[in-house]
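Trainee: Mind folding the following:
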Amino acid sequence: MLNFVTMIGTIEKMPEWTVYSEFDSRMLLILKVERPFRESNGEYANDYFTVELWRGIAEQTRDVCRLHDVIAVKGRMITREYPDADGITRSHVELMAEHVVFLSRRILSQSAKD
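Mentor: From the prediction side, this is the model:
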């Protein structure tokens, strides 16, 4: 089986940053991805995905990205299960990032200067 996903979208929520130890940190961000077709009202709808990043990739993304920056994320989908307030098991799908490419003009122009 193959679990491989690539998404391009904008950062819609400033990342939540968690440090577990000197060598282990995690970041969660919300990626807004536009659907490739128009709805019946003629507008494009969006999907929102939670993206989980760890260690170096999380630190680099935190240091470089801002709200509404465009990024490409390559990774795999993971499912987490949790009980809700009524004890019913719910599931939540997230994108576990393995590689991030920074696509915003602001970031690209800064990289060209370095």
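
Trainee: So which residue is smack in the middle of the protein?
Mentor: Nearest to the geometric centre of the chain sits Val51, at 3.2 Å (C-alpha atoms, centre = their mean).

Trainee: show me the contacts for that one.
Mentor: Leu28, Leu29, Ile30, Leu31, Val73, Gly75, Glu94, Leu95, Ala97 (C-beta atoms under 8 Å, 6 or more residues apart in numbering). Glycine gets a C-beta too; all of them are placed from N, C-alpha and C.

Trainee: and the gap between the residue of the chain most remote from its centre and Arg80?
Mentor: Most distant residue from the mean C-alpha position of the chain: Asp86, 29.1 Å away (C-alpha atoms, centre = their mean). As judged by C-beta to C-beta, to the nearest Å, Asp86 and Arg80 stand 18 Å apart.

Trainee: Specify the beta-bridge partners of the residue nearest to the centre of the chain.
Mentor: For Val51, the beta-bridge partners are Leu29, Leu95 (DSSP bridges).

Trainee: What segments of this protein are helices?
Mentor: Taking DSSP state H as the test, the helices found in the chain are 55-64, 105-113.

Trainee: Which of these comes out lowest on mean pLDDT?
Mentor: Among those, helix 105-113 carries the lowest mean pLDDT, at a mean of 59.

Trainee: coming back round to it: for His92, see how far away the residue farthest from the centre of the chain is.
Mentor: 16 Å.

Trainee: Do a quick rundown of the strands in this protein.
Mentor: Counting by DSSP state E, one finds strands in the chain at the ranges 5-21, 24-38, 44-54, 70-83, 89-102.

Trainee: Pipe the ones you listed into JSON lines and attach mean pLDDT per row.
Mentor: Output for these, formatted as JSON lines (pLDDT from 0 to 100):
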{"stretch": "strand 5-21", "mean pLDDT": "88"}
{"stretch": "strand 24-38", "mean pLDDT": "91"}
{"stretch": "strand 44-54", "mean pLDDT": "94"}
{"stretch": "strand 70-83", "mean pLDDT": "94"}
{"stretch": "strand 89-102", "mean pLDDT": "93"}
